[in-house]
Structures are given as structure tokens and as C-alpha cells.
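Trainee: Model the following, please.
(one chain, ligands or ions: 2)
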Amino acid sequence: MSLVPLPSSIIPFLEPYLPREKNDRPFVTLTWAQSIDSRIAAAPGTQTKISHPETKTMTHYLRAYHDAILVGIGTVLADDPKLTCRYGNFSKIRPVVVDPAAKWDYSKSTISTLCQELKALAPIILTNREAEPLKENVELLQSHGGSYRALQFLLEYEHNWIEVLRELHACDIKSVMIEGGAKVINSLLVSENLVDSVIVTIGPVFLGKQGVEVSPPAGLELQDVAWWRGTTDSVMAARLITLPEVEDLDETTE
Ligand SMILES: NC(=O)C1=CN([C@@H]2O[C@H](COP(=O)(O)OP(=O)(O)OC[C@H]3O[C@@H](n4cnc5c(N)ncnc54)[C@H](O)[C@@H]3O)[C@@H](O)[C@H]2O)C=CC1
Ligand SMILES: Nc1nc(O)c(N)c(N[C@@H]2O[C@H](COP(=O)(O)O)[C@@H](O)[C@H]2O)n1
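Mentor: Ligands and ions are numbered 1, 2, ... in the order given. The predicted structure follows:
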């Protein structure tokens, strides 16, 4: 989809939610586009266009403010995405793919072609320690300037995000835009104190019960909520209610 001019009112709307410096981990923006019935695709393994061109442009505007863009392997296999920033001066953003079992055949991907043509930064692929990526992919990725990084992934996804963010911090990534898919979003929504901004595009469509649902395992509240209304879509920007850090808890109990 080609981009359209960014509606000027989006700039002040998003400004309070843009990345700012953090010391201990990258700033995390969690963002996706969903239907009215909270679906991000019409069926598993498929890509569904939900955003209007102006909110798609907004996504690329947001990408321009981040060092990296992260998605799960389910999204890469379904969408074969570009994960580039096509807004403004086409600033370079680093793709990060969470692929514990090293399922992705990087050599056959659109991202690999873009890297070959020097149109994109090569990805960081996060695998489990036991996974064995194909030698051909390891070599190609390295020649493009990317890398496989092995982590100790746990079975429950929500317990892995601290280590993922620690690894990105070690790669000098100061901000990451996390775009999905559903397993990524649902597990991050219940990970305490890790998400700094949440930006959700809502398109005027129902995708039905076969769709890929965004719905965290437990309820949670949002705060600092702001809305933007476009031609067809609405966008919600918010923060998750954060729990006090352990030190703060200590202070209150003294
Ligand atoms: N409308 C939108 O904004 C977006 C829609 N999508 C759609 O979402 C669908 C894909 O979603 P899902 O199937 O849920 O796949 P996903 O992209 O969330 O990837 C899930 C897989 O990634 C790995 N993974 C993710 N988080 C992990 C963690 N914390 N620890 C360990 N492993 C982890 C696991 O292997 C897991 O099976 C596609 O249909 C895609 O088109 C994806 C992104 C955005
Ligand atoms: N903002 C938005 N609106 C939609 O309707 C979508 N389906 C998505 N999907 C996400 O965008 C990625 C594709 O990015 P590229 O254009 O290929 O760079 C896709 O993988 C999803 O993460 N997003």
C-alpha cells in the first residue's frame, strides 16, 4: 500500500507517546491495527489490511522514531513483511524477529531481498539456545550485517520479554516498536512495567470468530488515554497502568 500525506493533527496527538530516553531498557511502543471485534487478521496465517492509508502512514511515521521494529515468527510467516520505514527520509529501522525454533527461511524472504539491495537494515533473529538455524541463513544474514542471537526462552511467553529487551539494549537499541502478532501482543499486555506506549488503530470492520484475536489472558486498564479520529479509522494512544517497582513498594511499607 502506498503512503498518503500524514494528516497534520496526528503529529501533536502522538507527541506525548513518542520514545524518550530510558536507562535500563529500550522504550517500548506496542502498536497494532484491529477490527471492532478485536481481530488483527481474518484467519490464522493470513494478512488482512485493516488500516486506512492515512493510519498506515501514521505507522510509518511512528517507525521513523524507533531504532527497531519487532514481530513474532507467526507474523513473518503469514505476511512476509518489509518492516522498513517508508516515511520522510526513509530512516533505517532494525527488524527484530522472535523465532525460538529458527523456523524462518531468511534467504527466501522479502527482507533478505531488500537487504541485498541495501534498502533495509538486516534483522536480528532471536532464537532459542537449542535451535539450529540453517548454515546458509546464518552466513547470508551475517553478510547483510544481521545476526542470530540465542536466548534461553521459557515456555510462557510473558516471562521472556525482560530477556528480549535486555538483549536489544545490549545491541544499543534505545527504542523498539512492537507490531505483533497476537501472541506477541497478548503476552506483552500482561508483562508488568515493560510497555511504555500503546497505540491501537481501529478500523470499521468486523473480522469474525475465525479471526486472530487480541485479548490478554487477564483484564487490564489503560491510562493517559487520547483518541484521534480519521476518515474511517480511530486511533487510541495510551499507557498501561504500571505497578509500583519493588523499591517503591519497599518505601511504602517502611
Ligand atoms: N493488524 C495488525 O496490526 C497485525 C496483524 N498481524 C497478524 O497476526 C498474525 C500472526 O499472529 P500470531 O500467529 O499470534 O503470531 P506472532 O507474530 O505473535 O508470533 C508468535 C510466535 O512467535 C514466537 N514468540 C512470540 N513471542 C514470544 C515470546 N515472548 N517468547 C517466546 N516466543 C515468542 C513463538 O514462536 C510464537 O508461536 C498474522 O495473521 C498477521 O498478519 C501481525 C502484526 C500486526
Ligand atoms: N498498521 C497496520 N495496519 C494493518 O492493516 C496491518 N495489517 C498491519 N500489519 C503490520 O504491518 C506489517 C507489514 O509491514 P510492511 O508494510 O510490510 O513494512 C505486518 O507484518 C504487520 O506487522 N499494520
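
Trainee: Relative to H144, how far out is the most centrally placed residue in the chain?
Mentor: A centroid search over the chain (Cα atoms, centre = their mean) returns I178, at 1.4 Å, as the residue closest to the centre. For I178, the distance to H144 (Cβ to Cβ, to the nearest Å) stands at 22 Å. For the C-beta atoms, the positions are set from N, CA and C on the backbone; glycine is no exception.

Trainee: I figured K92 hits A120, correct?
Mentor: Yes: counting by Cβ atoms under 8 Å, K92 touches A120, with 7.3 Å between them.

Trainee: residues in the stretch 1-150 of the chain within reach of ligand 2, list them.
Mentor: 33, 47-51, 56, 59, 71, 75, 79, 81-84 (Cβ under 6 Å from any ligand atom).

Trainee: Try it again at 8 Å.
Mentor: 1, 31-33, 40-41, 47-51, 55-56, 58-60, 71, 75-76, 78-84, 86, 110 (Cβ under 8 Å from any ligand atom).

Trainee: from those residues, which ones fall inside strands?
Mentor: If you go by DSSP state E, these have 31-33, 40-41, 71 in strands.

Trainee: what two of the residues you listed are the furthest from one another?
Mentor: The most widely separated members of those, counting by Cβ to Cβ, are T31 and A41 (15.3 Å).

Trainee: Between those two, which is the more surrounded one?
Mentor: A41 (26 against 23; other Cβ atoms under 10 Å).

Trainee: Hmm, the more buried one is touching Q47, no?
Mentor: Yes: using Cβ under 8 Å, A41 is in contact with Q47, at 6.4 Å.

Trainee: list residues touching both of those two?
Mentor: A78 (Cβ atoms under 8 Å, 6 or more residues apart in numbering).

Trainee: Excluding chain neighbours, what is closest to V225?
Mentor: A238 (4.4 Å; Cβ to Cβ, 6 or more residues apart in numbering).

Trainee: Make sure that neighbour is indeed in a strand.
Mentor: Yes: read with DSSP: H, G, I helix; E, B strand; the rest coil, A238 is one of the residues of a strand.

Trainee: beta partners for it?
Mentor: Beta bridges link A238 to V198, judged by DSSP bridges.

Trainee: residues touching it, list them.
Mentor: By Cβ under 8 Å, 6+ apart, the contact set of A238 is 197-198, 222-226.

Trainee: could you pull out the helices for this protein?
Mentor: 10-14, 53-63, 73-79, 110-116, 135-144, 161-170, 182-189, 246-253 (DSSP state H).

Trainee: who touches the longest one?
Mentor: Applying Cβ under 8 Å, 6+ apart, the external contacts of helix 53-63 come out as 1-7, 10, 14, 18, 29, 31, 33, 51, 69, 84-88, 91, 93, 177, 179, 199, 201, 203, 230-231, 233, 235.
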